[in-house]
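In: Pasting the sequence and the predicted coordinates here, then a few questions.
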Amino acid sequence: MANFAETQSFDSVRIIETNDPVLGGNPEISGQVNSPANYAYRALVNRTAWLKAQLEALVIPPAPGAASTTVAGIVRLSTIGEAEAGALATVAVTPAGLQAALNALDIGGVDFATNPEVQAGTVTDKAVSPAGLSSRTATETRTGLVAKATSSEATARTNNQKYMTPLRTDAAINARNATESRRGSIEIATTSEATGGTDDTRAMTSEKTLALLRHSNAQATTSQRGTAIKATTSEVNTGTNNEKYITPSTLSEKLNGLFPLPTVSGYNSAVSSNTVDGLELEHLLILDVRVSRTRHLNAGQSITDNVGIQLNGIWEILHSNTYNSSGFTNVGEKVITTVNNNTVIYVPATLRNTNPTNPSSRTGYISFQLTAVTY
């Protein structure tokens, strides 16, 4: 017995008319009797197939198509060889295939440098990690990282591994004041501090020093330091001014009560310009002088000279002595005499050239010490 071929179509069900012959047969097969009686069954079969297809479409989703780079779908898994070859673009790679492909590739790697290698800075085929970079700090002989000094570190002045900012430098300078034993910063004294003379922590400038001098420009007295005017020769001779000072020049020009020191040349030298006349009071002379004598001598020659001093005028020698004789080979006894109204003190002394072949200059020294008075 034959069956109808199912066709997904929603056909109409034909009514069998009264005059339709009721015969068997498939009206779709050529040569068979076109039986109207089977038309209704054929329509029911087609409707059933149509309904089935509609239900399946609603309940069972359609099978996906092939996957692509833009559409999700079915894809075949690649073999290990296909994964290693890397030529197909329509198959998927499994983890095993990916690992095999990676193993088959010749990919170069890179190692991380150790901290000592980073600090040495000579390795060229290794990478630097963040920890390695942090270990390379700057020193006097090596470039590297350096941290900023804190305020306390800046003022302590002991850390030699951190850098100073302008703010920290200013804080360090202001925190270190200068003293007698320590270098540091110092403020300039005000005018009142300069003239007050009590502040010992501030500096004096030329302007402040001038202000101090002007402030201190008071008349000098026996109890107060200050300024004074030089006395004239007439004021020195008068001897009544108690506010001016005396210089050596004006002191030597005083007429009464003073006398010049005697010459230290040989006693035969005349020094008439140093003679002091008009002495009315007793004057005391205490003298300590060194006299030298130089002679040019032939080979083996000896010369004896009178070596001494001359006091202008007639002096009474209270005490006299000679000492520190050097250079002379022989020093005789001291002689005190008067020559041309001048007092002379001398000793005979011998200079000798001990070189038997060559002439030479010889120098001798004798120190005289005496106390004398004149009337």
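Out: Received, thanks. Residues are numbered from 1 along each chain as shown.
In: can we go C-alpha only for contacts and neighbour counts from here?
Out: Fine.
In: what sits against residue 185?
Out: Going by CA atoms under 8 Å, 6 or more residues apart in numbering, residue 185 touches 173, 174, 176, 177, 178.
In: And it, how far from residue 179?
Out: 9 Å (CA to CA, to the nearest Å).
In: One more: residue 44?
Out: 122 Å.
In: And the two? Which one has more around it.
Out: residue 44 (18 against 13; other CA atoms under 10 Å).
In: Which secondary structure state does that one sit in?
Out: Three-state call for residue 44 (DSSP: H, G, I helix; E, B strand; the rest coil): helix.
In: Quick check: which ranges of the stretch 1-150 of the chain have low pLDDT?
Out: The stretch 1-150 of the chain contains residues with pLDDT under 70 at 1-6, 8-41, 59-63, 106-109.
In: all helices for it, in order.
Out: Assigned by DSSP state H, counting those that start in this stretch, the helices in the stretch 1-150 of the chain fall at 39-59, 80-85, 95-104, 115-120, 130-135.
In: thinking again about what came up before, let's see which of the contacts of residue 185 end up in helices.
Out: 173, 174 (DSSP state H).
In: Please list only the buried members of the contacts of residue 185.
Out: Taking 16 or more other CA atoms under 10 Å as the criterion, what is buried in these is residue 176.
In: could I get the contacts of residue 185 as CSV with distance to residue 156 and pLDDT?
Out: Output for those, formatted as CSV (distance: CA to CA, whole Å; pLDDT from 0 to 100):
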residue, distance to residue 156, pLDDT
173, 11, 76
174, 12, 74
176, 9, 74
177, 13, 77
178, 15, 80
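In: Adding distance to residue 130, write the contacts of residue 185 out as CSV.
Out: Formatted as CSV, the contacts of residue 185 follow (distance: CA to CA, whole Å):
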residue, distance to residue 130
173, 36
174, 38
176, 39
177, 42
178, 44
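In: right, and out of the contacts of residue 185, which lies closest to residue 365?
Out: Within those, the smallest distance to residue 365 is 53.8 Å, found for residue 178 (CA to CA).
In: Pull the contacting residues for that closest one.
Out: Contact partners of residue 178, counting by CA under 8 Å, 6+ apart, are 184, 185, 186, 201.
In: where does it fall, phi/psi-wise?
Out: phi -80, psi 140 (degrees, to the nearest 10).
In: Number of residues surrounding the nearest residue to it once chain neighbours are set aside?
Out: Excluding the flanking residues, the one nearest residue 178 by CA to CA, 6 or more residues apart in numbering is residue 184, at 4.0 Å. Residues lying near residue 184 (other CA under 10 Å) number 13.
In: again, but for the one 10 residues further on
Out: Other residues near residue 194 number 24, with proximity taken as other CA under 10 Å.
In: The stretch 151-300 of the chain: strands as residue ranges?
Out: Under the criterion DSSP state E, counting those that start in this stretch, strands of the stretch 151-300 of the chain are mapped to 162-163, 187-188, 202-203, 283-297.
In: From residue 86, how far out is residue 148?
Out: 54 Å.
In: Just confirm residue 324 contacts residue 366, I think it does.
Out: Yes. With contacts counted by CA atoms under 8 Å, residue 324 reaches residue 366, the gap being 5.9 Å.
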